[in-house]
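Trainee: heads up, no residue letters with this:
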């Protein structure tokens with residue numbers, strides 16, 4: 001087991017790791033969470049045996065509540081004090097959280113979000129970057145309510161949610177700023193399943209099933225499915241044929 005102030009990584013066998021995030025008392029994401037997630041993802045990528053990662057909250061009833069709004073407010077004041085202006089012709093570069101979520105998507109490993117409680121804003125954006133999302137039943141909130149603060153999802157939420165549920169549903173959810181209970185979230189397609197029992201054992205069992213499948217095939221399936229969302233169909237078919245033949249020849 002490896003542990004930082006907010007992040008714990010536990011390998012339950014050579015191919016499966018559980019990454020838990022805990023920031024008491026409220027379970028917010030902040031600068032430290034970002035920095036430790038970067039280090040944790042680098043560590044998991046360096047371990048060539050790990051091929052399935054389960055992400056979950058280390059506090060009862062909290063996955064990640066949302067990004068700490070006091071931190072965001074302080075950053076906004078600093079930007080205003082410096083007179084910073086922003087233009088789409090000069091894109092803002094990635095910082096820690098953007099790198100982490102892109103690293104999850106680009107990884108050959110399968111990532112499962114075991115949502116055990118509140119998951120809003122940046123917390124749900126982390127779950128959206130995962131390949132599968134399993135939620136524990138309960139009366140807690142899932143979603144992207146940033147519009148209620150005069151903001152928008154800033155860590156990929158507008159892009160990933162749209163690809164997941166389609167333009168109309170994504171617009172409805174983000175323009176209204178509504179959050180959903182787990183079973184509502186499943187009906188919209190935000191999560192793959194909702195379970196009545198504690199979610200981590202369920203997600204861990206799912207991880208074992210997935211880990212039993214050939215890793216090379218899983219990695220290429222993940223690659224092609226992500227590419228299907230961004231490349232033209234002709235390219236997608238060509239890449240699929242090529243990787244199919246590559247696996248046949250192994």
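Mentor: Nice, thanks for sending it over. Since the structure is predicted, the reported quantities are computational estimates derived from the model, not experimental observations. Numbering: from 1, shown residues only.

Trainee: number of residues surrounding residue 141?
Mentor: 21 (other CB atoms under 10 Å). Where you see a C-beta, it was placed from the backbone N, CA and C, and this is true even at glycine.

Trainee: so who does the closest residue to it other than its chain neighbours touch?
Mentor: Once flanking residues are discounted, residue 141 sits nearest to residue 179: 3.8 Å by CB to CB, 6 or more residues apart in numbering. Contacts for residue 179 (CB atoms under 8 Å, 6 or more residues apart in numbering) come out as 120, 141, 142, 143, 145.

Trainee: which phi and psi does the nearest residue to residue 190 once chain neighbours are set aside have?
Mentor: Spatial nearest neighbour of residue 190, excluding adjacent residues (CB to CB, 6+ apart): residue 142 at 6.2 Å. According to degrees, to the nearest 10, the main-chain angles of residue 142 amount to phi -130, psi 130.

Trainee: domains of the chain?
Mentor: 2-212, 214-250 (automatic domain parsing).

Trainee: can you show me the helices along the protein?
Mentor: Applying DSSP state H to the chain gives helices spanning 31-46, 69-81, 96-106, 122-129, 157-165, 167-176, 182-188, 199-211, 215-228, 233-248.

Trainee: please compute how far the shortest one lies from its chain's middle.
Mentor: Using CA atoms, centre = their mean, to the nearest Å, the mean C-alpha position of helix 182-188 is found 17 Å from that of the whole chain.

Trainee: check stretch 18-29 too.
Mentor: Worked out by CA atoms, centre = their mean, stretch 18-29 lies 14 Å from the chain centre.

Trainee: likewise for stretch 236-250?
Mentor: 28 Å.

Trainee: again with stretch 117-131
Mentor: Its chain's C-alpha centre and that of stretch 117-131 lie 5 Å apart, by CA atoms, centre = their mean.

Trainee: check stretch 127-141 too.
Mentor: For stretch 127-141, the distance to the chain centre is 10 Å (CA atoms, centre = their mean).

Trainee: shaky segments in the protein?
Mentor: 250 (pLDDT under 70).

Trainee: returning to that earlier point: buried deepest among the domains of the chain, which one?
Mentor: Stretch with highest mean neighbour count among these: domain 2-212 (a mean of 18; mean count of other CB atoms under 10 Å).

Trainee: what's the end-to-end length of it?
Mentor: 24 Å (CA to CA, to the nearest Å).

Trainee: enumerate every residue touching residue 193.
Mentor: Applying CB under 8 Å, 6+ apart, the residues contacting residue 193 are 134, 135, 186.

Trainee: who does it form a beta bridge with?
Mentor: residue 134 (DSSP bridges).

Trainee: what about the nearest residue to residue 37 once chain neighbours are set aside, distance to residue 145?
Mentor: Nearest residue to residue 37, sequence neighbours excluded (CB to CB, 6+ apart): residue 100, at 4.6 Å. Using CB to CB, to the nearest Å, one gets 21 Å for the distance from residue 100 to residue 145.

Trainee: one more: residue 194?
Mentor: The value you get for residue 194 to residue 145, if CB to CB is used, is 20 Å.

Trainee: try residue 31
Mentor: In terms of CB to CB, residue 31 sits 22 Å off from residue 145.

Trainee: swap in residue 15?
Mentor: Going from residue 15 to residue 145 by CB to CB gives 36 Å.

Trainee: cool, and residue 174?
Mentor: 9 Å.

Trainee: give me the phi and psi for residue 213.
Mentor: Taking degrees, to the nearest 10 as the convention, residue 213 sits at phi -90, psi 150.
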